[in-house]
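1. Predicted model follows, preceded by the sequence.
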Amino acid sequence: MTLQSSPSALDRLTGLLDRCALLDALREVLDSCRKTGRCRIVAKLDIDGFSRFNALHGHLAGDALLRAVAARLGSAGVRGLTAGRT
C-alpha cells in the first residue's frame, strides 16, 4: 500500500489515507495518466450493509471490521496499491 503521506494524512482508525490525501493521490494518478498515456486501475469499494452491521453490533465491532478490511488491503500484495478511507 502506498502511504507516502505524513501521519496527519492518515485515517486514525484504519491507517489508510484520509479523504483529502486519497483525493490528492487520485489527482496524481489521473495527471500521470494524461501525461504518459499509461493508466492505472481506480476502484471504489463499499462494505454492503455496514450501517446495519454497525447498528446491530455496535461501533466497536464496526471499527474492528474497518480495521480488518484495511489490513486485508494492506496485505493484498498489489504493487503500487493506494488505499484510503472516505
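-> Perfect, I can see it now. Numbers count the residues shown, from 1 in each chain.

2. what about stretch 42-55, how long is it end to end?
-> Start and end residues of stretch 42-55 are separated by 30 Å (C-alpha to C-alpha, to the nearest Å).

3. Low-confidence stretches in this structure?
-> Residue ranges of the chain with pLDDT under 70: 1-7.

4. Name the residues that touch the lengthiest helix in the chain?
-> Determined from DSSP state H, the single longest helix within the chain is helix 19-36. With contact meaning C-beta atoms under 8 Å, 6 or more residues apart in numbering, helix 19-36 is reached by 2, 5, 9-10, 16-17, 38-40, 42, 82, 84-86. No exception for glycine: its C-beta is placed from N, CA and C like everyone else's.

5. Which stretches in this structure count as helices?
-> Listed in chain order, the helices of the chain (DSSP H) span 19-36, 50-57, 59-74.

6. and the angle for the shortest one with helix 59-74?
-> Meaning helix 50-57. Orientation check (axes from the mean of the first three to the mean of the last three C-alpha atoms, to 10 degrees): helix 50-57 against helix 59-74 gives 140 degrees.

7. Which neighbouring elements make contact with helix 50-57?
-> With contacts taken as 3 or more C-beta pairs under 8 Å, 6 or more residues apart in numbering; DSSP states H and E, helix 50-57 sits against helix 59-74.

8. Which positions in the helix it packs on come out as buried?
-> 62, 66, 69-70, 73-74 (16 or more other C-beta atoms under 10 Å).

9. cool, stretch 36-45 as well?
-> In stretch 36-45, counting by 16+ other C-beta under 10 Å, buried: nothing.

10. Please state the offset of it from the chain centre?
-> Stretch 36-45 sits 14 Å away from the centroid of its parent chain (C-alpha atoms, centre = their mean, to the nearest Å).

11. How about stretch 46-57?
-> How far stretch 46-57 lies from its chain's middle: 18 Å, per C-alpha atoms, centre = their mean.

12. What residues of that stretch count as buried?
-> For stretch 46-57, using 16+ other C-beta under 10 Å, the buried residues are Asn54.

13. gap between Arg34 and Gly74?
-> Distance, Arg34 to Gly74, using C-beta to C-beta, to the nearest Å: 29 Å.
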